[in-house]
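In: Sequence and predicted structure, then a few things I'm wondering about:
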Amino acid sequence: MANWCNNWVVFEGTAEAIEQITQLFKSMAEQEQKDNCGQLPDFVQDTHGDYFYNISQDNASAGVFHYETKWSPNTDAVKQIAEHFKVNFIQDYEELGCLVYGQAIFEDRILTDTCLDSQDFDSYELDEETDTYHFEGKEYDSEWEILDTLLERKLENQFNNIQK
(Lines give C-alpha, C1' and ligand atoms only; values in the text may rest on other atoms or scores of the structure.)
Protein backbone atom coordinates (compact mmCIF):
# COMPACT_ATOMS: atom_id res chain seq x y z
CA MET A 1 0.00 0.00 0.00
CA ALA A 2 1.26 3.46 -0.92
CA ASN A 3 2.21 6.17 1.51
CA TRP A 4 0.25 9.27 0.53
CA CYS A 5 2.13 12.47 -0.26
CA ASN A 6 0.14 15.66 0.37
CA ASN A 7 0.51 18.33 -2.30
CA TRP A 8 -0.63 21.95 -2.35
CA VAL A 9 -0.20 23.84 -5.60
CA VAL A 10 -0.83 27.49 -6.40
CA PHE A 11 -0.93 28.37 -10.09
CA GLU A 12 -0.21 31.97 -11.12
CA GLY A 13 -1.08 33.40 -14.52
CA THR A 14 -3.81 35.11 -16.48
CA ALA A 15 -7.37 34.87 -15.21
CA GLU A 16 -8.28 32.91 -18.34
CA ALA A 17 -5.50 30.35 -17.80
CA ILE A 18 -6.39 29.94 -14.11
CA GLU A 19 -10.04 29.36 -15.06
CA GLN A 20 -8.99 26.68 -17.57
CA ILE A 21 -6.83 24.98 -14.93
CA THR A 22 -9.72 25.18 -12.44
CA GLN A 23 -11.99 23.44 -14.94
CA LEU A 24 -9.31 20.82 -15.61
CA PHE A 25 -8.94 20.01 -11.89
CA LYS A 26 -12.70 20.02 -11.43
CA SER A 27 -13.15 17.52 -14.27
CA MET A 28 -10.32 15.32 -12.94
CA ALA A 29 -11.94 15.32 -9.47
CA GLU A 30 -15.31 14.35 -10.98
CA GLN A 31 -13.73 11.59 -13.08
CA GLU A 32 -11.88 10.27 -10.04
CA GLN A 33 -15.21 9.95 -8.23
CA LYS A 34 -16.66 7.97 -11.14
CA ASP A 35 -13.65 5.74 -11.82
CA ASN A 36 -12.32 5.50 -8.25
CA CYS A 37 -8.75 5.89 -9.49
CA GLY A 38 -6.11 8.59 -9.88
CA GLN A 39 -6.23 11.06 -12.75
CA LEU A 40 -3.93 12.76 -15.23
CA PRO A 41 -4.81 15.31 -17.91
CA ASP A 42 -4.76 13.81 -21.43
CA PHE A 43 -1.85 16.03 -22.47
CA VAL A 44 0.39 15.01 -19.54
CA GLN A 45 2.84 12.28 -20.34
CA ASP A 46 3.05 9.97 -17.32
CA THR A 47 6.41 8.41 -16.69
CA HIS A 48 6.40 7.98 -12.92
CA GLY A 49 2.84 7.16 -11.84
CA ASP A 50 2.24 10.86 -11.24
CA TYR A 51 -1.52 10.51 -10.82
CA PHE A 52 -3.62 13.02 -8.86
CA TYR A 53 -5.84 11.56 -6.08
CA ASN A 54 -8.39 13.13 -3.72
CA ILE A 55 -8.32 16.44 -5.58
CA SER A 56 -9.88 19.47 -3.92
CA GLN A 57 -9.86 23.18 -4.63
CA ASP A 58 -9.47 26.06 -2.22
CA ASN A 59 -12.78 27.82 -2.86
CA ALA A 60 -11.49 31.05 -1.31
CA SER A 61 -8.55 31.41 -3.73
CA ALA A 62 -8.45 30.87 -7.48
CA GLY A 63 -5.79 28.50 -8.75
CA VAL A 64 -5.12 26.80 -5.40
CA PHE A 65 -5.49 23.02 -5.16
CA HIS A 66 -4.78 20.19 -2.73
CA TYR A 67 -4.38 16.57 -3.75
CA GLU A 68 -2.46 13.42 -2.92
CA THR A 69 0.07 11.35 -4.83
CA LYS A 70 1.67 8.02 -4.07
CA TRP A 71 4.96 8.24 -2.12
CA SER A 72 6.34 11.48 -3.62
CA PRO A 73 5.21 14.69 -5.31
CA ASN A 74 4.24 14.72 -8.99
CA THR A 75 6.16 17.87 -9.83
CA ASP A 76 6.80 16.79 -13.43
CA ALA A 77 3.07 16.41 -14.10
CA VAL A 78 2.36 19.82 -12.51
CA LYS A 79 5.13 21.33 -14.64
CA GLN A 80 3.55 19.89 -17.79
CA ILE A 81 0.21 21.48 -16.80
CA ALA A 82 1.94 24.82 -16.19
CA GLU A 83 3.73 24.66 -19.54
CA HIS A 84 0.49 23.73 -21.32
CA PHE A 85 -1.36 26.76 -19.89
CA LYS A 86 1.71 29.05 -19.82
CA VAL A 87 1.55 29.75 -16.07
CA ASN A 88 3.84 29.60 -13.05
CA PHE A 89 3.29 27.59 -9.87
CA ILE A 90 4.44 26.94 -6.33
CA GLN A 91 3.99 23.38 -5.07
CA ASP A 92 4.43 22.46 -1.42
CA TYR A 93 4.58 18.77 -0.58
CA GLU A 94 5.12 16.41 2.35
CA GLU A 95 5.11 12.72 3.12
CA LEU A 96 6.95 12.34 6.41
CA GLY A 97 6.85 8.53 6.40
CA CYS A 98 9.30 8.63 3.48
CA LEU A 99 11.09 11.76 4.76
CA VAL A 100 9.73 13.92 1.94
CA TYR A 101 9.22 17.63 2.61
CA GLY A 102 9.81 20.41 0.14
CA GLN A 103 8.73 23.07 -2.30
CA ALA A 104 8.91 23.31 -6.08
CA ILE A 105 8.76 26.69 -7.81
CA PHE A 106 8.19 27.00 -11.54
CA GLU A 107 8.68 30.57 -12.72
CA ASP A 108 9.56 31.86 -16.18
CA ARG A 109 9.85 28.26 -17.40
CA ILE A 110 12.52 27.45 -14.79
CA LEU A 111 11.86 24.75 -12.19
CA THR A 112 13.54 24.87 -8.79
CA ASP A 113 12.76 21.99 -6.45
CA THR A 114 14.04 22.28 -2.90
CA CYS A 115 13.55 19.50 -0.40
CA LEU A 116 14.90 18.42 2.93
CA ASP A 117 17.37 15.55 3.08
CA SER A 118 18.06 12.91 5.71
CA GLN A 119 20.62 15.19 7.41
CA ASP A 120 17.87 17.78 7.92
CA PHE A 121 15.54 15.21 9.45
CA ASP A 122 18.38 14.03 11.71
CA SER A 123 18.92 17.58 13.04
CA TYR A 124 16.03 17.32 15.51
CA GLU A 125 14.69 14.57 17.73
CA LEU A 126 11.52 13.51 19.45
CA ASP A 127 11.52 13.03 23.21
CA GLU A 128 8.95 10.27 23.50
CA GLU A 129 8.56 10.72 27.27
CA THR A 130 7.44 14.34 26.92
CA ASP A 131 6.13 14.04 23.33
CA THR A 132 8.11 17.14 22.36
CA TYR A 133 10.68 17.81 19.66
CA HIS A 134 14.12 19.25 20.36
CA PHE A 135 15.92 21.39 17.82
CA GLU A 136 18.84 23.79 18.32
CA GLY A 137 18.34 23.97 22.08
CA LYS A 138 14.62 24.68 21.92
CA GLU A 139 11.56 22.55 22.60
CA TYR A 140 8.64 22.26 20.16
CA ASP A 141 5.23 20.62 20.48
CA SER A 142 5.19 19.76 16.77
CA GLU A 143 7.80 19.09 14.12
CA TRP A 144 6.03 21.29 11.52
CA GLU A 145 7.62 24.53 12.71
CA ILE A 146 11.04 22.85 12.63
CA LEU A 147 10.48 21.52 9.11
CA ASP A 148 9.33 24.94 7.90
CA THR A 149 12.44 26.54 9.43
CA LEU A 150 14.76 24.02 7.80
CA LEU A 151 13.11 24.45 4.39
CA GLU A 152 13.17 28.26 4.66
CA ARG A 153 16.91 28.10 5.37
CA LYS A 154 17.51 25.93 2.31
CA LEU A 155 15.48 28.29 0.15
CA GLU A 156 17.42 31.31 1.50
CA ASN A 157 20.75 29.58 0.87
CA GLN A 158 19.73 28.81 -2.71
CA PHE A 159 18.65 32.41 -3.25
CA ASN A 160 21.90 33.74 -1.75
CA ASN A 161 23.98 31.39 -3.91
CA ILE A 162 22.17 32.61 -7.02
CA GLN A 163 22.84 36.23 -6.06
CA LYS A 164 26.61 35.61 -5.81
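Out: Looks like it arrived, so ask away. Computed from a predicted model, the values in this text were never measured in an experiment.
In: For the closest residue to residue 49 other than its chain neighbours, name its beta-bridge partners.
Out: Setting aside the residues directly before and after it, residue 49 is nearest to residue 70 in space (C-beta to C-beta, 6 or more residues apart in numbering), at 6.2 Å. Glycine gets a C-beta too; all of them are placed from N, C-alpha and C. Beta-bridge partners of residue 70, counted by DSSP bridges, are residue 4.
In: What's the separation between residue 70 and residue 17?
Out: Here residue 70 is placed at a distance of 28 Å from residue 17 (C-beta to C-beta, to the nearest Å).
In: Let me see the domain layout of the protein.
Out: As recorded under automatic domain parsing, the domains making up the chain are 1-115, 117-164.
In: can you give me how far the last one is from the chain middle?
Out: Spelled out, that is domain 117-164. Here domain 117-164 is found 18 Å from its chain centre; the criterion is C-alpha atoms, centre = their mean, to the nearest Å.
In: picking up where we left off before, might one say that the residue nearest to residue 49 is in contact with residue 4?
Out: Yes - at 6.9 Å, residue 70 counts as touching residue 4 under the criterion of C-beta atoms under 8 Å.
In: show me where this structure has strands.
Out: Per DSSP state E, the chain carries strands over the ranges 4-12, 53-57, 64-70, 88-95, 100-107, 110-115, 125-127, 132-135, 138-140.
In: out of these, nearest to residue 149?
Out: strand 132-135 (7.8 Å; C-beta to C-beta).
In: which parts of the least confident helix or strand in the chain by mean pLDDT are buried?
Out: Ranked by mean pLDDT, DSSP states H and E, the weakest helix or strand in the chain is helix 144-163, scoring a mean of 88. Within helix 144-163, the residues that count as buried by 16 or more other C-beta atoms under 10 Å are 146, 147, 149, 150, 151, 154.
In: what's the answer for stretch 63-74, then?
Out: 63, 64, 65, 67, 68, 69, 70, 72, 73, 74.
In: If anything else comes up later, I'll come back, but that's it for now.
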